[in-house]
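Participant: Structure for the following, please:
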Amino acid sequence: MTTYNWQQKNWTNFTYDLAGAEDDLLVFSEKAGRVSGIIEGLPEETKEEVIVDIILAEAIKTSEIEGEYPSRKDVLSSIRKNLGLHTSQVYIKDKSAAGLGELMIDVRRSFKTPLTEEKLFEWHRMLLQENKNIMAGQWRTHEDPMQVVSGAMGKTKVHYEAPPSSKVPAEMKKFIRWFNETAPGGRQEIKKAPVRSAIAHLYFETVHPFEDGNGRVGRAIAEKALSQTIGRPVMLSLSRTIEANKNAYYTALETAQRSNEITPWVTYFIHTTLDAQIEAESQIEFTLKKTKFFDRFKDRLNERQVMVIRRILEEGPKGFEGGMNARKYIGITKTSKATATRDMQQLLETGAFKLAGKAGGRSTSYQVNLSTDNSI
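Facilitator: You can find the predicted model right below:
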């Protein structure tokens, strides 16, 4: 019979060895400082765009990890609204996307404050108040075991079983006390941000206190731990890095929930945090390239062309898989094939597009040409 970490006598007495992770911790610290410095040196409008892009990536990917795909447009609108960047009232159709955007901004704005039960309930309501099947804003109370399972009905595999609901209130009181005591200036202060974030995420996911939404709230806690420990809102998307290799994340988490010696988990999480910081640098460079692109072509593009280019750039530095072609252009702009072909040819001639595939016929495809001098 499997014994989980919370069933063992040394539960919450987490032990780990950082000998194999010191280099990653040092590089993370250097890169976090560099990214912060770059952002502070940007013009205000560009700075806002960089921040929005990184928060949006976190919001979308933290949901995709759970197999949910919110409206990108509505999440973006919610983020911009909660940052005070909308000049007029906007209607957000997808209310769960609205709550997700609200959560992302609240995590960022409240990073300095101690964690409380009320704050966790507030985050949970932001995420799940539209789900009428879930009691949002309270700990789980059901008597059935809280299990993480996979596989079809009748062939399920139990990856993890959390403490029973009756134990959740006491476990969460201990967790919240631990989180606040390990914060800067606390009695058990953990000074290395990725280490504290790793333990906070594992600890919360182990208790699994909510009926649903534990992964998303748990990653918000990981971000709060990072920001609080480094003393400023962290500029990276953990969820984007985790989602890129979900299997590694779940395997590391499952292994960590069987022992309170958590060196492999902490090592994995530190490396993931570093990868997320490296990705953030690339995101900033990409955002700067986008800004320079639109400065260069702002008076040379029609509305259809702007719509298509913005849609391509939403996919990130790699653009559309397979490039942009007439069929995709028509789908985005609802225009005729002749107009689509003419628009794309003009974009190629002006240098806004570059060939991504073979020229000629149906196989012709394009990518946005961001290749100007955009060093940061």
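Participant: Count the residues that sit near the residue lying closest to Gly20 once chain neighbours are set aside.
Facilitator: If the residues on either side of it in the chain are set aside, Gly20 comes closest to Thr267, at 5.9 Å by C-beta to C-beta, 6 or more residues apart in numbering. For the C-beta atoms, the positions are set from N, CA and C on the backbone; glycine is no exception. By other C-beta atoms under 10 Å, the residues close to Thr267 number 19.
Participant: Secondary structure element holding Thr267?
Facilitator: helix 263-297 (DSSP states H and E).
Participant: Past that helix, which element shows up next along the chain?
Facilitator: helix 303-313.
Participant: Quick check: buried residues in stretch 103-119?
Facilitator: Leu103, Met104, Ile105, Asp106, Val107, Arg108, Ser110, Phe111, Leu115, Lys119 (16 or more other C-beta atoms under 10 Å).
Participant: Might one say that Leu76 is in contact with Asp53?
Facilitator: No - counting by C-beta atoms under 8 Å, Leu76 sits too far from Asp53 to count as a contact (9.5 Å).
Participant: Can you work out which other helices and strands pack against the helix holding Thr267?
Facilitator: Judged by 3 or more C-beta pairs under 8 Å, 6 or more residues apart in numbering; DSSP states H and E, the packing partners of helix 263-297 are helix 22-40, helix 44-64, helix 193-207, helix 238-244, helix 246-256.
Participant: The first one packs against which elements?
Facilitator: When you say that, I think you mean helix 22-40. helix 44-64, helix 193-207, helix 263-297.
Participant: Around the closest residue to Arg34 other than its chain neighbours, how many other residues sit close by?
Facilitator: Once flanking residues are discounted, Arg34 sits nearest to Glu281: 7.5 Å by C-beta to C-beta, 6+ apart. Neighbourhood size, Glu281 [other C-beta under 10 Å]: 16.
Participant: wait, what's in contact with Glu281?
Facilitator: Taking C-beta atoms under 8 Å, 6 or more residues apart in numbering as the criterion, Glu281 is in contact with Lys31, Arg34, Val35, Ile38.
Participant: Which one of those sits in the busiest neighbourhood?
Facilitator: Val35 (22 neighbours).
Participant: so who does Gln305 touch?
Facilitator: Asp343, Gln346, Leu347, Ala352.
Participant: who does the worst-scoring helix or strand of the chain on mean pLDDT pair up with?
Facilitator: Sorting the helices and strands of the chain by mean pLDDT, DSSP states H and E puts strand 147-150 at the bottom, at a mean of 90. Strand 147-150 sits in its sheet next to strand 157-161 (antiparallel), going by DSSP bridges.
Participant: what's the average pLDDT for the partner strand?
Facilitator: Here strand 157-161 scores 93 as its mean pLDDT.
Participant: Next, the buried residues of that strand.
Facilitator: For strand 157-161, by 16+ other C-beta under 10 Å, it's His159, Tyr160, Glu161.
Participant: Quick check, pLDDT for the one residue sitting closest to the centre of the chain.
Facilitator: For the chain, the residue nearest the mean C-alpha position is Glu58 (2.0 Å; C-alpha atoms, centre = their mean). In this model, Glu58 is scored at 96, pLDDT.
Participant: Is it correct that it is in contact with Met104?
Facilitator: Yes - at 6.2 Å, Glu58 counts as touching Met104 under the criterion of C-beta under 8 Å.
Participant: where does the protein have low pLDDT?
Facilitator: For the chain, applying pLDDT under 70 flags the ranges 86-88, 357-362, 372-376.
Participant: element containing Ala170, please.
Facilitator: Residue-wise, Ala170 maps onto helix 168-181 under DSSP H and E.
Participant: could you measure Arg327 against Lys354, distance?
Facilitator: 19 Å (C-beta to C-beta, to the nearest Å).
Participant: which of the two has more neighbours?
Facilitator: A count of neighbours by other C-beta under 10 Å puts Lys354 above the other of Arg327 and Lys354, at 14 against 11.
Participant: what's the helix or strand for Glu68?
Facilitator: Going by DSSP H and E, Glu68 is not part of any helix or strand.
Participant: do you know how far it is from Ala59?
Facilitator: Taken as C-beta to C-beta, the span from Glu68 to Ala59 is 11 Å.
Participant: quick check: domain ranges of the chain?
Facilitator: 5-285, 303-368 (automatic domain parsing).
Participant: could those be laid out in CSV, adding distance to Phe297?
Facilitator: Formatted as CSV, those follow (distance: least, C-beta to C-beta, whole Å):
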stretch, distance to Phe297
domain 5-285, 16
domain 303-368, 5
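Participant: I'd like to know how many residues surround Trp139.
Facilitator: For Trp139, the neighbour count with other C-beta under 10 Å is 18.
Participant: OK, contacts around the residue nearest to it when sequence neighbours are not counted?
Facilitator: Closest residue to Trp139 in three dimensions, ignoring its sequence neighbours and counting by C-beta to C-beta, 6+ apart: Val168, at 4.6 Å. Neighbouring residues of Val168 by C-beta under 8 Å, 6+ apart: Trp139, Arg140, Val207, Pro209.
Participant: neighbours of Glu44, just the number please.
Facilitator: Neighbours of Glu44 (other C-beta under 10 Å): 7.
Participant: so Thr46 touches Leu288, yeah?
Facilitator: Yes - with contact defined as C-beta under 8 Å, Thr46 counts as touching Leu288 (6.8 Å).
Participant: returning to what we had before: contacting residues around the residue nearest to the centre of the chain?
Facilitator: Met104, Glu223, Ser237, Leu238, Ser239, Arg240.
Participant: By neighbour count, which of the residues you listed wins?
Facilitator: Leu238 (28 neighbours).
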